[in-house]
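Asker: Only the shape, not the letters, is given here:
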């Protein structure tokens with residue numbers, strides 16, 4: 001359940017328990033619209049209702065509260081993308097510059113280009129999975 005937003009976690013656990021949004025709403029004394037907003041990460045449950053929600057879903061309060069927000073997931077994803085592209089470009093530039101200066105042998109240059117190309121390939125594969 002790592003890397004799930006609170007909404008994704010609530011949805012997953014609710015369905016795992018065979019409950020509808022309305023079932024959970026009745027147990028929480030809220031509307032099914034409130035549950036829907038929680039699950040879509042448009043809002044979060046009231047702080048005072050977190051212990052009851054955690055109990056109903058069968059997890060600890062800490063697990064529920066520590067669920068990542070969609071924004072945290074998005075920021076982490078952006079950082080990884082920038083790092084993968086940056087590594088690829090840096091290795092390419094470094095190989096060219098050190099080669100022009102005569103400071104690198106062929107094997108090292110090929111290894112550096114391999115690292116850079118692998119990094120760019122990981123970036124492309126990672127983002128291709130998102131599209132599907």
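Answerer: In hand now; what should we look at? Given the structure is predicted, the values throughout are model-derived calculations rather than measurements. Numbers count the residues shown, from 1 in each chain.
Asker: for the lengthiest helix in the chain, packing partners?
Answerer: Longest helix in the chain, counting residues (DSSP state H): helix 70-100. If contacts are counted by 3 or more CB pairs under 8 Å, 6 or more residues apart in numbering; DSSP states H and E, helix 70-100 sits against helix 106-131. In this view, the C-beta of every residue, glycine as well, is placed from N, C-alpha and C.
Asker: Now the helix it packs on: average pLDDT?
Answerer: Averaged over helix 106-131, pLDDT sits at 89.
Asker: For that helix, which helices and strands make contact with it?
Answerer: helix 70-100.
Asker: For the helix it packs on, buried residues please.
Answerer: Across helix 70-100, burial judged by 16 or more other CB atoms under 10 Å covers 84, 87, 88, 91, 92, 94, 95.
Asker: from these, which single one is nearest residue 33?
Answerer: residue 84 (39.8 Å; CB to CB).
Asker: Low-confidence bits of the chain, can you list those?
Answerer: 1-2, 68-73, 129-132 (pLDDT under 70).
Asker: ok, the residue of it most remote from its centre to residue 57 distance?
Answerer: The C-alpha centroid of the chain is most remote from residue 102, which lies 42.4 Å away (CA atoms, centre = their mean). Separation of residue 102 from residue 57 (CB to CB, to the nearest Å) stands at 64 Å.
Asker: How about residue 47?
Answerer: Residue 47 is 16 Å from residue 57, by CB to CB.
Asker: So for these two, which sits in the more crowded spot?
Answerer: Neighbours were counted for residue 47 and for residue 57 using other CB atoms under 10 Å; residue 57 has more, 20 against 8.
Asker: domains in the protein, as residue ranges please.
Answerer: Here the domain parsing of the chain from automatic domain parsing is 6-65, 70-131.
Asker: out of those, deepest packed?
Answerer: domain 6-65 (a mean of 16; mean count of other CB atoms under 10 Å).
Asker: show me what contacts residue 24?
Answerer: Going by CB atoms under 8 Å, 6 or more residues apart in numbering, residue 24 touches 10, 14, 35, 56.
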